[in-house]
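> Quick one, structure for this:
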Amino acid sequence: MDDSTSKVDLVILKIANLDTGKMFTPDDPEWESIKKQYISIDGSPILRNGRAVWTIRSLTSTRMSFELETRIQSDSHVYIRSSTVTLSPESQFPQFTLVSSDGSLTPQTVRADDTKGINILFQSENAPSSVDVEVTDYISNKNVLSLHAVPVVQKALQLSSPAADAVLHTAGKYSVTLTSNGVSASTDLFITP
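Next up is the predicted model:
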């Protein structure tokens, strides 16, 4: 499959609150507002390195189940995959922010000449002990950096030279995905000249 000619759609088929027993489907008259109340979905509308990358977050503090259908169009073919995702407050990836080493730039922005690299700060007490880091070029969708089991110390980690040179020395927009225990989250990163 060619990433550049692909199109990815993620369709919600059913939302179930496992604690209250409430269940919702597209047939419900308030479906659009129900989705906004219960789920946040963010992802790439095209494939990245042959994969559909999406971040799904429950917007409640209860256990939720979401039936999803992924539709991938590529090379005049349509591939459909159904899945069920169950999220509990414990399975949510902790929120994080990317910042420059001196904190002088807006979040998610780092200077290309910043010798201390990219700092990732977790905003909750349940920060993972280590994460896998994948950085892809936002325009080309090409993977430019993959690091495994990067330690998180005092709710923070640092991506610096030489490990992160592929990103740190090239201005542009990137997508950063962190994964821990099978749960992932992504955000944008801007490297300025």
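> the longest helix in this protein is where?
helix 31-38 (DSSP state H).
> Let me see the mean pLDDT of that one.
Regarding helix 31-38, the rounded mean pLDDT is 92.
> which stretches of the protein form strands?
Secondary structure of the chain (DSSP state E): strands at 7-17, 23-24, 39-43, 54-58, 64-74, 77-87, 96-99, 109-111, 118-122, 130-137, 143-151, 156-159, 172-180, 183-192.
> Run through the bridge partners of the residue nearest to S146 when sequence neighbours are not counted.
In space, and not counting its chain neighbours, S146 is closest to E134: 5.3 Å by CB to CB, 6 or more residues apart in numbering. Bear in mind the C-beta positions are built from the backbone N, C-alpha and C, glycine included. In this entry, E134 is beta-bridged to S146, T177, by DSSP bridges.
> give me the number of residues near E134?
21 (other CB atoms under 10 Å).
> Name all residues that make contact with N119.
N119 makes contact with L98, V99, S100, S101, A156, L157, Q158, according to CB atoms under 8 Å, 6 or more residues apart in numbering.
> The nearest residue to the fourth one once chain neighbours are set aside and S175: what is the separation?
Just to be clear, that refers to S101. Leaving aside its sequence neighbours, S101 sits nearest to K116 (CB to CB, 6+ apart; 3.4 Å). For K116, the distance to S175 equals 22 Å [CB to CB, to the nearest Å].
> More neighbours: which of the two?
Taking other CB under 10 Å, K116 and S175 do not tie; S175 has more neighbours (20 against 14).
> Who are the contact partners of the more buried one?
S44, R48, V53, V135, T136, Y138, S186, T187, D188, L189.
> Pull out the buried members of those.
The neighbour-count test (16 or more other CB atoms under 10 Å) marks S44, R48, V53, V135, T136, Y138, S186, T187, L189 as buried among the contacts of S175.
> tell me the domain boundaries of the protein?
3-91, 96-192 (automatic domain parsing).
> most packed of those?
Most buried of the domains of the chain, by mean neighbour count (mean count of other CB atoms under 10 Å): domain 96-192, with a mean of 16.
> now do the same end-to-end measure for that domain.
Using CA to CA, to the nearest Å, one end of domain 96-192 lies 20 Å from the other.
> How far does it sit from its chain's centre?
Domain 96-192 sits 12 Å away from the centroid of its parent chain (CA atoms, centre = their mean, to the nearest Å).
> can you pull the pLDDT of the residue nearest to I41 when sequence neighbours are not counted?
Using CB to CB, 6+ apart and skipping residues adjacent in sequence, the residue nearest I41 is I56, 5.5 Å away. Looking at I56, its pLDDT reads 80.
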